[in-house]
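Engineer: got a predicted structure plus its sequence, pasted below:
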Amino acid sequence: MDTLQYTMMTLLAFNNGDPVINIEKVARHHFEQSPEAFLKKIAAKQLLIPVTHMEPDNRKGRKGVHVFDLAKHIESQAELARKQVEKYRFT
């Protein structure tokens, strides 16, 4: 199992098997910020994470992030961190 699959499985377990994680849970647990701040960063394209709207025509409908998209974001940030460590190791 590669790291992306492992991260996805961990996120699924964290979310009781639901593939769409509620915006509040993603914002507070993974980014340590309010859902409002999280959504503002997405709107400003400071975070490139797709938000799934379960009812696109309903402003109060459930919004979340699919585990695959969050896992890809986590893995890309981890890869950047690994490269940074390697760069420091050989300089």
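Structural biologist: The structure has been received and is ready for your questions.
Engineer: can you give me the helices for the chain?
Structural biologist: 3-14, 23-25, 35-43, 67-89 (DSSP state H).
Engineer: quick one: those as JSON lines, columns for distance to Arg59 too.
Structural biologist: Where you see a C-beta, it was placed from the backbone N, CA and C, and this is true even at glycine. Listed next are the helices of the chain as JSON lines, based on distance: least, CB to CB, whole Å:
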{"stretch": "helix 3-14", "distance to Arg59": "26"}
{"stretch": "helix 23-25", "distance to Arg59": "13"}
{"stretch": "helix 35-43", "distance to Arg59": "12"}
{"stretch": "helix 67-89", "distance to Arg59": "21"}
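Engineer: could you find the closest non-adjacent residue to the spatially most central residue of the chain?
Structural biologist: The chain has Leu70 as the residue nearest its centroid, 2.9 Å off, counting by CA atoms, centre = their mean. Nearest residue to Leu70 in three dimensions, chain neighbours excluded: Leu11, at 5.9 Å (CB to CB, 6 or more residues apart in numbering).
Engineer: same deal with Lys72?
Structural biologist: In space, Lys72 is closest to Leu4, 6.9 Å off (CB to CB, 6+ apart).
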